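**Q** Quick one, structure for this:
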Amino acid sequence: MRTRLVVIVTAALLLMVALAAPAVAQTDKPLNCVVKMATGVEGAPDWYGTIRGDINGMIGFSELQGGALNTVNGTTEHFIESWTIWVGGDTISGVNEGVWSFVNFKFRANGVVTNATGDWAYLVGYRFHELGVTSPFDPATGEGWPITADGLQLRLVAP
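**A** As a prediction, the model looks like this:
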């Protein structure tokens, strides 16, 4: 009877370890998402929309203002922005720097997760990468407002 109990307890412990190992390993897996967003959403950050994929929720980007943080040089805007993802009651946030071309409307940015709560807390320190294309916009005339970005590729990668 005692031998049988030891075998059952040992098997249960091995099963628990086997089931827990994949969950721990997944924390280093890159998270891939697609974002659909627009400018001009009243009461929202500068850019606001949905995020779908490995993270599902809402996302907002706000350009940081002041000094030389955001500059337009010819046909390229260099920007620095803060961003927040809302997933249920949890948040994931950070800062990124990027460029946006007014010739082909492509943009890209890189940054880091600086704060995350709840189940997402392990993402602090993850690298942030985004790449996409906006609807056409003329910064000189403002023609093309509001601007949309459908299909933005967003990736969070372990440091």
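**Q** Helices along this protein, start to end?
**A** Under the criterion DSSP state H, the chain contains helices at 2-25.
**Q** Show me the shaky parts of it.
**A** Within the chain, the segments meeting pLDDT under 70 span 1-27, 66-68.
**Q** Now do the strands in it.
**A** Ranges of strands in the chain, per DSSP state E, are 31-39, 47-53, 57-63, 71-73, 76-87, 90-101, 106-116, 127-133, 148-157.
**Q** Would you tell me which of those strands gets closest to Thr141?
**A** Distance to Thr141, taken as CB to CB, is lowest for strand 71-73 among the strands of the chain, at 13.6 Å. The way it works is simple: take the backbone N, C-alpha and C, and place the C-beta from them, glycine included.
**Q** Sheet partners, orientation included, of the closest one?
**A** strand 76-87 (antiparallel) (DSSP bridges).
**Q** Buried residues in the partner strand, which are they?
**A** Glu77, Phe79, Ile80, Glu81, Ser82, Trp83, Thr84, Ile85, Val87 (16 or more other CB atoms under 10 Å).
**Q** Let me know the angle separating it from strand 57-63.
**A** Orientation note: strand 76-87 sits at an angle of 150 degrees relative to strand 57-63 (axes from the mean of the first three to the mean of the last three CA atoms, to 10 degrees).
**Q** quick one on the thing from earlier: which members of the buried residues of strand 76-87 define the maximum pairwise distance?
**A** Glu77 and Val87 (28.8 Å).
**Q** Spit out the contact partners of Pro139.
**A** Counting by CB atoms under 8 Å, 6 or more residues apart in numbering, Pro139 touches Val72, Glu77, Phe102.
**Q** can you put these in TSV and add distance to Tyr48?
**A** Below are the contacts of Pro139 laid out as TSV (distance: CB to CB, whole Å):
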residue	distance to Tyr48
Val72	22
Glu77	19
Phe102	21
